[in-house]
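> Give me the fold of what follows.
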Amino acid sequence: MTISCTAHVTGPPGIVIPASRPGVIGAAVIRAARRSAGLPRRRLAQMLSVSHGTALGWENGTTPLFCVPYGQLRTLADALTDAGARVGWELDELLIASQCDLLVTGILHGFEDYAEVPLVEGSSAEAWAARGMLRWALTGIVPMRYRLYAPSGTLLAQPVVKAVLGVARDLHAGAHGFDLVRYGTALMALAQPTP
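Numbering: from 1, shown residues only. Okay, the predicted model is just below:
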């Protein structure tokens, strides 16, 4: 499967609406982690033996974390840990951020299996983290642990938020099968402005 990094949402026939970059959630997590460590981007790139452009791509969302090899994500997590990051340094957190970006990309591109990850239902730590990141992306409510290191504001462009919520409403209504109704309900709840 090939995922385009072109950021757009298809509107009425022949009209393309500019939208978010495919890795904005992971980008926000990495920026906050780097800031919490007081680490310049160039130094992080040096620690990881990658170019400044590669690190910039991760931080601006043009290179989504779901396109980054697992070993490189592990190295990133280790570098952030060694630098003293206070948030976003755990490998699990980076993986959840990549899954959230993949969910949004899957919804926008019509992948049939987008509802498999991340978990947004339940009370596991992973589900709480995914809900926090998706709520941040949709509403601009920054998860409490990131508030010192990230500005408030939605991560996704308004057309993308509308597209995600449209799919969530369809799932909630059973348009894609009744096994996804709860998932749609959970996604819709994330767009509510309460933390």
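
> Please make it C-alpha for all contacts and neighbour counts, starting now.
OK.

> Give me the buried stretch members for stretch 165-181, please.
Judged by neighbour count (16 or more other C-alpha atoms under 10 Å), stretch 165-181 contains these buried residues: 165, 167-173, 180-181.

> Looking at the residues you listed, which gets the smallest pLDDT?
Within the buried residues of stretch 165-181, the minimum per-residue pLDDT falls on L180 (83).

> From L171, how far off is that residue?
6 Å (C-alpha to C-alpha, to the nearest Å).

> where's the residue nearest the centre of the chain, which helix or strand?
Of all residues in the chain, the one closest to the mean position by C-alpha atoms, centre = their mean is I25, 2.8 Å from it. Taking DSSP states H and E as the definition, I25 sits inside helix 24-36.

> Just the C-alpha atoms of the next helix-or-strand element following that helix, please, in CSV.
Counting by DSSP H and E, the next helix or strand C-terminal to helix 24-36 is helix 41-48. The C-alpha coordinates for helix 41-48 follow below in CSV (Å, rounded to 0.1, in the frame of the first residue of the first chain):
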residue,chain,number,x,y,z
ARG,A,41,16.5,20.3,16.2
ARG,A,42,20.0,20.2,14.7
ARG,A,43,21.4,18.5,17.8
LEU,A,44,18.6,15.9,17.8
ALA,A,45,19.4,15.2,14.1
GLN,A,46,23.1,14.7,15.0
MET,A,47,22.2,12.4,17.9
LEU,A,48,20.2,10.3,15.5
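
> buried stuff in helix 41-48?
Neighbour-count burial for helix 41-48 flags 41, 44-45, 47-48 (criterion: 16+ other C-alpha under 10 Å).

> swap in stretch 94-112?
The neighbour-count criterion (16+ other C-alpha under 10 Å) identifies 94-108 as the buried residues of stretch 94-112.

> quick one: which of those residues sit in helices?
Secondary structure assignment (DSSP state H) places 94-108 from the buried residues of stretch 94-112 within helices.

> Going by residue numbers, what spans are strands in this structure?
8-10, 16-18 (DSSP state E).

> hmm, back to that, nearest to D82 among the buried residues of helix 41-48?
Using C-alpha to C-alpha, M47 comes nearest to D82 of these, at 9.8 Å.

> Surely that closest one is in contact with A79?
Yes - A contact is recorded between M47 and A79 when judged using C-alpha atoms under 8 Å, the distance being 6.6 Å.

> on that earlier part again, doesn't G140 make contact with the residue nearest to the centre of the chain?
No - proximity of I25 to G140 does not meet the contact threshold set by C-alpha under 8 Å, at 11.2 Å.
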